[in-house]
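Peer 1: quick one, fold the following:
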Amino acid sequence: MRALVVFESMFGNTRAVADAIASGLAETMEVDVRSVDDAPDGIAADLGLVVAGGPTHAFSMSRETTRRDAVARGAEHPTSGLRDWLERLPESRSSAAVATFDTHAAQKWIPGSAAKAAAHEARRHHLRVLSSRSFYVADMEGPLVDGETDRARAWGRDLARRVQEE
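Peer 2: Presented below is the predicted three-dimensional model:
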């Protein structure tokens, strides 16, 4: 079984989470990790799982304006974001499961989530959402809170197990 991990990252935190998730998945399945700028414009028929994630900006997935704001604070600027990649996907009846994740500042409560918005967009494309998860950074720029890469790796293992049991 194959998995695709697609991520948007500006300060490197979301990429670190994506790599950790891929590490957990790779224990039992073949994994391809791609930034949104290098991700395919569709879901290959042989994929069993797509994991897609990005940073939470303004309570949702990033937009061009929020990416510009992040660049002004020293972030790298991807050509497009997770929202753009998901919107480009053709409506699908793919059998691949989808899991979404985000990174955001460690606070008690945040009213929105890029992971939840990405899951909504995936469902709009008739994709089956398996799970969504948030991972935490100490501040907008990071670093990741201690233990988050271990938590991401464990989530990757769990996703692989769940998909393979279906």
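
Peer 1: what's the distance between Ala16 and Gly142?
Peer 2: Relative to Gly142, Ala16 is positioned 8 Å away (criterion: Cβ to Cβ, to the nearest Å). C-betas here are computed from N, CA, C, even on glycine.

Peer 1: so how far is the lowest-mean-pLDDT helix or strand in the chain off the chain centroid?
Peer 2: Taking mean pLDDT, DSSP states H and E as the measure, the chain has helix 64-72 as its least confident helix or strand, at a mean of 85. Between the centre of helix 64-72 and the centre of its host chain there is 19 Å, according to Cα atoms, centre = their mean, to the nearest Å.

Peer 1: what ranges do the strands span in the chain?
Peer 2: 2-7, 30-35, 47-55, 97-105, 128-137 (DSSP state E).

Peer 1: can you list contacts of the last one?
Peer 2: Think strand 128-137. Strand 128-137 is touched from outside by 11, 13, 17, 49, 56, 95-106, 113, 115-116, 118-119, 122-123, 143-145, 148, 151-152, 155, 159, 162-163, with contacts defined as Cβ atoms under 8 Å, 6 or more residues apart in numbering.

Peer 1: angle of the least confident helix or strand of the chain against strand 47-55?
Peer 2: Using axes from the mean of the first three to the mean of the last three Cα atoms, to 10 degrees, the interaxial angle of helix 64-72 with respect to strand 47-55 works out to 60 degrees.

Peer 1: in helix 64-72, which residues are buried?
Peer 2: By neighbour count with 16 or more other Cβ atoms under 10 Å, helix 64-72 contains the buried residues 66-67, 70.

Peer 1: and stretch 133-146, by the same measure?
Peer 2: For stretch 133-146, burial by neighbour count (16+ other Cβ under 10 Å) applies to 133-137, 140, 142, 144-145.
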